[in-house]
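A.B. asks: This is the structure alone, sequence omitted:
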């Protein structure tokens, strides 16, 4: 798990890198940021970034306190195959929210909704590291569309259950929610009809 | 449309009522607030509230700048029957966001996500006036569950399309989105299997 990094070294190098990373990602966006730029901001040797955080993705996850590592959880969810993938994704998503990591996710949603800069940054990160990985793995048509439809359903579920706390969603078990919502995720990821073109194809 | 009310009268009575309503709803919540309490806060005759806003719901819609009136749009969407209801709901939802009303909706989402008080207030209002009306109209089992599942999907769509601006959702046409997401809404509202109890019924 590169995102965790090592324990703070002498002189707080790790903390200096994280502070510089927050500012550098904020200025350059996720795609534009570089490990070299973060190192320059922190006044450390560029080799320190991979040393502490493994990769650009790793330093980003640590800087914004993103509680799970897409490089780890996406292959794990996809490994048993397509069958039941929708329910597995809902269960994993809710387990993360119900764990100690839930408060970081709430903070992330709040900052994304209130700040365009945070929204831009999170969009680039999620598009590349989360949706991109799923898209590559499912090997179906329109992977980016499918993955972003999944995101609408999961983010909306989190908002209603954890932020606005609407019943019966708020006190339902994870298993119930996976049964209700899993088939939606499954359809978005795998149903050929989702992306079939109807007569109203043309954009307005 | 009671929420629009009349033009400002002599002495700004309408504005005094709205200011008092924001504070009274904030203190008492939607369910606890009364037209009498709002009138007392504004220092006006209680008869002024129905005179300007029709009902408690009407003064709430005006106070929070809620851009559509559930008493009007819900019966209209349901009137042609159950067939195609999912697509109609997605189209109406997106038309509202794409209209001048979109910026009020964005402001509402931001305040709900950043303030627990706003979230509580909106939950009570949406549960009673939006979900409650749909629940009553569809005459199916578990109406509150069905309506709240619909809300997860629509709110998540708005966040990804209008706030975080993820592609291809952000530049897709309303018709495309209705085709992709309409069947999800239709299933939540009408599919008997959504609420069927499986072996994992027990709550944890």
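C.D. replies: Happy to help now that I have it. Since we're looking at a predicted model, the values are computed, not measured. Numbers count the residues shown, from 1 in each chain, chains lettered A, B, ... in the order given.
A.B. asks: can you pull out the helices in chain A?
C.D. replies: With helices called from DSSP state H, chain A shows them at A:13-32, A:35-42, A:48-53, A:56-63, A:70-78, A:85-98, A:102-114, A:116-125, A:132-138, A:143-158, A:174-190.
A.B. asks: Residue B:105: which of those helices is closest?
C.D. replies: helix A:102-114 (12.2 Å; C-beta to C-beta). Just so you know, the C-beta spots here come from the backbone N, C-alpha and C atoms, and that holds for glycine as well.
A.B. asks: which residue does chain A bring closest to chain B?
C.D. replies: Going by C-beta to the nearest C-beta, chain B is nearest to residue A:156 of chain A, at 2.4 Å.
A.B. asks: Nearest to residue B:67, out of the helices of chain A?
C.D. replies: Residue B:67 lies closest to helix A:102-114 among those, at 18.0 Å (C-beta to C-beta).
A.B. asks: That closest one versus helix A:116-125: what angle between them?
C.D. replies: Interaxial angle of helix A:102-114 relative to helix A:116-125 (axes from the mean of the first three to the mean of the last three C-alpha atoms, to 10 degrees): 110 degrees.
A.B. asks: What is helix A:102-114 packed up against?
C.D. replies: Helices and strands touching helix A:102-114, as assessed by 3 or more C-beta pairs under 8 Å, 6 or more residues apart in numbering or on different chains; DSSP states H and E, comprise helix A:85-98, helix A:116-125, helix A:143-158, helix B:102-114.
A.B. asks: tell me the mean pLDDT for the last one?
C.D. replies: The one in question is helix B:102-114. The predicted model gives helix B:102-114 an average pLDDT of 79.
A.B. asks: about what we covered before: among the helices and strands packed on helix A:102-114, which is the most enclosed?
C.D. replies: helix A:143-158 (a mean of 24; mean count of other C-beta atoms under 10 Å in any protein chain shown).
A.B. asks: Give me the contacts around stretch A:137-144.
C.D. replies: Contacts to stretch A:137-144, defined as C-beta atoms under 8 Å, 6 or more residues apart in numbering or on different chains, come from residues A:74-75, A:78, A:82, A:127, A:131-132, A:134-136, A:146, A:189-190, A:192, A:194-195, B:167-168.
A.B. asks: Excluding chain neighbours, what is closest to the residue of chain A closest to chain B?
C.D. replies: Distances taken as C-beta to C-beta, 6 or more residues apart in numbering or on different chains put residue B:156 closest to residue A:156, at 2.4 Å, once the chain neighbours are dropped.
A.B. asks: now the one you found: how far from residue A:148?
C.D. replies: Between residue B:156 and residue A:148 the distance is 10 Å, computed by C-beta to C-beta, to the nearest Å.
A.B. asks: tell me the pLDDT at residue A:200?
C.D. replies: Taking residue A:200 on its own, its pLDDT is 42.
A.B. asks: Number of residues surrounding residue A:27?
C.D. replies: 12 (other C-beta atoms under 10 Å in any protein chain shown).
A.B. asks: sorry, that was for residue A:36
C.D. replies: Neighbours around residue A:36, by other C-beta under 10 Å: 11.
A.B. asks: give the contact list for the residue nearest to it when sequence neighbours are not counted.
C.D. replies: Closest residue to residue A:36 apart from its sequence neighbours, by C-beta to C-beta, 6+ apart: residue A:46 at 5.1 Å. Contact analysis of residue A:46 by C-beta under 8 Å, 6+ apart lists A:35-36, A:39-40.
A.B. asks: Tell me how many other residues crowd residue A:75.
C.D. replies: Count around residue A:75 with other C-beta under 10 Å applied: 11.
A.B. asks: Could you tell me which residues make contact with the residue of chain A closest to chain B?
C.D. replies: B:151-157, B:159.
A.B. asks: if we go to 10 Å?
C.D. replies: A:181, B:149-160 (C-beta atoms under 10 Å, 6 or more residues apart in numbering or on different chains).
A.B. asks: could I get the residues you listed as JSON lines with distance to residue A:66 and pLDDT?
C.D. replies: Listed next are the contacts of residue A:156 as JSON lines, based on distance: C-beta to C-beta, whole Å; pLDDT from 0 to 100:
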{"residue": "A:181", "distance to residue A:66": "22", "pLDDT": "96"}
{"residue": "B:149", "distance to residue A:66": "27", "pLDDT": "93"}
{"residue": "B:150", "distance to residue A:66": "29", "pLDDT": "91"}
{"residue": "B:151", "distance to residue A:66": "26", "pLDDT": "89"}
{"residue": "B:152", "distance to residue A:66": "22", "pLDDT": "94"}
{"residue": "B:153", "distance to residue A:66": "24", "pLDDT": "96"}
{"residue": "B:154", "distance to residue A:66": "26", "pLDDT": "93"}
{"residue": "B:155", "distance to residue A:66": "22", "pLDDT": "91"}
{"residue": "B:156", "distance to residue A:66": "19", "pLDDT": "94"}
{"residue": "B:157", "distance to residue A:66": "23", "pLDDT": "96"}
{"residue": "B:158", "distance to residue A:66": "23", "pLDDT": "92"}
{"residue": "B:159", "distance to residue A:66": "17", "pLDDT": "90"}
{"residue": "B:160", "distance to residue A:66": "17", "pLDDT": "90"}
